[in-house]
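1. sequence-free structure coming up:
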C-alpha cells in the first residue's frame, strides 16, 4: 500500500497534472505536495482549498440525495417522528441562528441554522469536488479512513492536456489505497 509520496507521484503521472497535494481540511495544512502549486505558494493553496473542502463537507445541503428531504415529509422523517411544518420567512431576512436568542441576523445574512455540521470521526458524505476555470481543473477527493476522514487529495490539471473523467477515477483509486 503506497504512502503519501508514492500517491502524489502517481497523481502527477496523470495527463495534464500540474500539482498534487494531500491536505488536512480541518487545519488547512498540506501533509505532502508535488509539482508547482496554483498561485506559486503550497501553503496558501492548501489553506484555500481546505476552506472550500470544509465548507462543502460540513453542510448537509451538499450531501447525497438520500440525506435530503423536505421538512414535514413523512417519507424522509425517522420512524415515530412527528411531522414538522416547513419553515417560512424571507431569505436572509434576519431568521438566522441568533433570532431565537433575540438577536436577529442582519438582513442579507444567509440562514445556516438548518445546516448540520460534519460529525467528527467520519468522512464527509461528499466524495469529491471539482472546480473549473478557463484553463484548468481543480479536483479535491476526500480520503476515507485516514485521520478520521479529515484528509483530501488535491489535483490541479491543465484543462487542454488533462482528462477530468480519468483523473476522477484514478484519484479515487489512489485515495482508496493511500496509507499514512
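-> Yep, it's here. The structure displayed is predicted, hence computed values, not measured ones.
2. Going by contacts, tell me the helices and strands next to the strand or helix carrying residue 55.
-> Take DSSP states H and E as the rule and residue 55 turns out to sit in helix 42-58. Secondary-structure packing of helix 42-58 (3 or more C-beta pairs under 8 Å, 6 or more residues apart in numbering; DSSP states H and E): strand 17-24, strand 30-35, strand 128-132, strand 136-143, strand 151-158. All C-beta atoms are positioned from the backbone trio N, CA, C, and that covers glycine.
3. Could you say which one of those strands comes nearest to residue 179?
-> Closest to residue 179 of the helices and strands packed on helix 42-58 is strand 136-143 (C-beta to C-beta; 10.3 Å).
4. Adjacent strands (with direction) for that closest one?
-> strand 128-132 (antiparallel), strand 151-158 (antiparallel) (DSSP bridges).
5. of all the ones you listed, which gets the most neighbours per residue?
-> strand 151-158 (a mean of 24; mean count of other C-beta atoms under 10 Å).
6. Next secondary structure after that one?
-> helix 164-177.
7. mind listing what's buried in that next one?
-> Of all the residues in helix 164-177, those buried under the rule 16 or more other C-beta atoms under 10 Å are 167-168, 170-171, 174-175.
8. which of those residues lies closest to residue 54?
-> residue 175 (17.5 Å).
9. And the pLDDT for that closest one?
-> With respect to pLDDT, residue 175 has a value of 91.
10. Surely it and residue 140 touch.
-> No: Residue 175 is not in contact with residue 140 according to C-beta atoms under 8 Å; the separation is 10.4 Å.
11. So for those two, which residues contact both of them?
-> residue 153 (C-beta atoms under 8 Å, 6 or more residues apart in numbering).
12. got any ranges where this protein has weak pLDDT?
-> 1, 67-123, 146-147 (pLDDT under 70).
13. Recalculate using a threshold of 80.
-> Within the chain, the segments meeting pLDDT under 80 span 1-2, 60, 62-124, 145-149, 179-180.
14. For the nearest residue to residue 140 once chain neighbours are set aside, list the residues it contacts.
-> Spatial nearest neighbour of residue 140, chain neighbours left out: residue 129 (4.2 Å); criterion: C-beta to C-beta, 6 or more residues apart in numbering. Shown in contact with residue 129 (C-beta under 8 Å, 6+ apart): 52-53, 56, 138-140.
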